[in-house]
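1. what follows is a predicted protein model with its sequence.
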Amino acid sequence: MSALSPVLKQATPVLAERGEGVHLYDTSGRRHLDFTAGIGVTSTGHCHPKVTAAAQEQVGKLVHGQYTTVLHQPLLTLTERLGEVLPEALDSLFFANSGSEGVEAAMRLAKQAAGRPNIVVFQGSFHGRTLGAASLTTSAAKVRSGFGPLMPGVAVAPFPNAYYYGWDEETATKFALRELDQILATISAPADTAAFIIEPVLGDGGFVPANTAFLQGLRERADRHGIHLILDEVQAGFGRTGKFWGHDHFGVRPDILVTAKGLASGFPLSAIAASEALMAKAWPGSQGGTYGGNAVSCAAAIATLDVIKEEKLVENAAERGDQLIAGLREIAAAHPASEGVGGIGNVRGLGLMLASEIVDSEGNPDGATAGKLLAAAAERGLLLLPCGAHGNVVRMLPPLVVNENQIDEALRLWGETVTAVLG
Ligand code: PMP
């Protein structure tokens, strides 16, 4: 008898049968409030009727129109429609299937265009699990361990993670920019550096937003040295943070943007966007793939864009995010970490990308207690995910269709969970 590899571990005990909006239903018919959205993917909710209808219609017409063999209409339409939401200068698109593939494509483009070998990444980032993307990932050692040597030519600079350092944001930002300059002076000279790659909000690394001064600092150095700025919007993009792109909070201009997850409401699809002039520097035949730009995924992505616009999901993410963070802060205030007892050390995030960091009585990461909280929340019917290097950050990233009552319900369940576990 064959079985799933034990390497695949589930964060919840749910055997999912169907999904509808913010809810998942298991095989016993029990309803769960899904504040994971499939790791930030099902932004329009599970099985949104418009997305489902678009995909069903496409399945009956053409499933696989292999895009280096033929063109197909959903690919062309989606390419045009993404122009409505992308920064104006990023008018050329390449499609793949997953976030990791998108990151690999962005990196390959940057290296070929610059004719330089190195990439600078920022501590705590998650960019994927394929060898190149894993080599750029520093959110947790488990992603990098055991299959080295990794790709050479990666230098790791600090992320302005104020809570982690125990500093204010300005101090953390100054430190991070100074260290970046030091890296450019000592480890990866500008003449060797093809790109900086960064998430506008650290995702798997702990839901830590970057800030305007830091990203502007990267932009300024990128311009000065001819380095490409790649923004990985795989988790923070597509409305998740209450603006369309995570970087919209910080007024920074990317050279290459990577998107996936919320792009197609659950169908596998990723894309990179750059200016046509930059894309033209990719070496012929260097990008492609059997399944990239799948016709059903593209049809679902077009419907996703329609739903986001019609239902004002970006605005909803901002409003419901305000409601959720206010409630999370109240719960955290009632359970601070203090002498002898652990608690919630920090609540942070943007829009509907919010997290509570669980620490012990000395302020150290407490993954074991976070694990108990996740299990206790799941018992109550609230599905959540961990993140952070120590699994001690409890993240909430519900579908962007979540309404006021559902946020209230999640806060009530989280409050009960915290009281039950932390006392
Ligand atoms: N970049 C970011 C910011 C991500 O959050 C993820 C997935 N968690 C990836 C890249 C990799 O995406 P995928 O799992 O689709 O390869």
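-> Right, received. Where do you want to start? These numbers come from a predicted model, not from an experiment. Residues are numbered from 1 along each chain as shown.

2. thought Arg395 was touching Glu357?
-> No: using CB atoms under 8 Å, Arg395 is not in contact with Glu357; the gap is 9.9 Å. (Glycine included, C-beta is placed from N, CA and C.)

3. who has more neighbours out of these two?
-> In this view Arg395 and Glu357 are compared by other CB atoms under 10 Å, and Glu357 has more residues nearby, 28 against 25.

4. how about that one, secondary structure?
-> Secondary structure, DSSP: H, G, I helix; E, B strand; the rest coil: Glu357 is strand.

5. likewise for Gln287?
-> Gln287 ends up coil, using three-state DSSP.

6. phi first, then psi, for it.
-> Here is the backbone geometry of Gln287 (degrees, to the nearest 10): phi -120, psi 150.

7. and if you look at Ser92?
-> When quoted as degrees, to the nearest 10, the phi and psi of Ser92 stand at phi -130, psi 130.

8. end-to-end on stretch 60-73?
-> 14 Å (CA to CA, to the nearest Å).

9. and what of stretch 113-120?
-> Stretch 113-120 end-to-end distance (CA to CA) = 16 Å.

10. so which residues on the stretch 51-200 of the chain come close to the ligand?
-> Contact residues, the stretch 51-200 of the chain versus the ligand (CB under 6 Å from any ligand atom): 98-100, 103, 126-128, 199.

11. which ones among those map onto strands?
-> Under the assignment DSSP state E, these contribute nothing to strands.

12. widest-spaced pair of those?
-> Ser98 and Glu199 (15.8 Å; CB to CB).

13. comparing these two, which residue is more hemmed in?
-> The neighbour comparison of Ser98 against Glu199 (other CB under 10 Å) goes to Glu199, with 29 against 20.

14. right, and the more buried one touches Gly237 too?
-> No: with contact defined as CB under 8 Å, Glu199 does not count as touching Gly237 (9.7 Å).

15. need the residues touching each of those two.
-> Taking CB atoms under 8 Å, 6 or more residues apart in numbering as the contact rule, the neighbours common to Glu199 and Gly237 are Gly246.

16. I figured Leu400 was touching Val41, is that so?
-> No: between Leu400 and Val41 there is no contact under CB under 8 Å: 11.1 Å.

17. got any residues that touch both of those two?
-> Gly262.

18. per-residue confidence for Ser188?
-> The model reports Ser188 with a pLDDT of 98.

19. identify the residues contacting the helix or strand that contains Val51?
-> Using DSSP states H and E, Val51 falls within helix 49-59. Helix 49-59 is contacted from outside by 44, 74, 265-267, 295-296, 298-300, 302-304, 306-307, using CB under 8 Å, 6+ apart.
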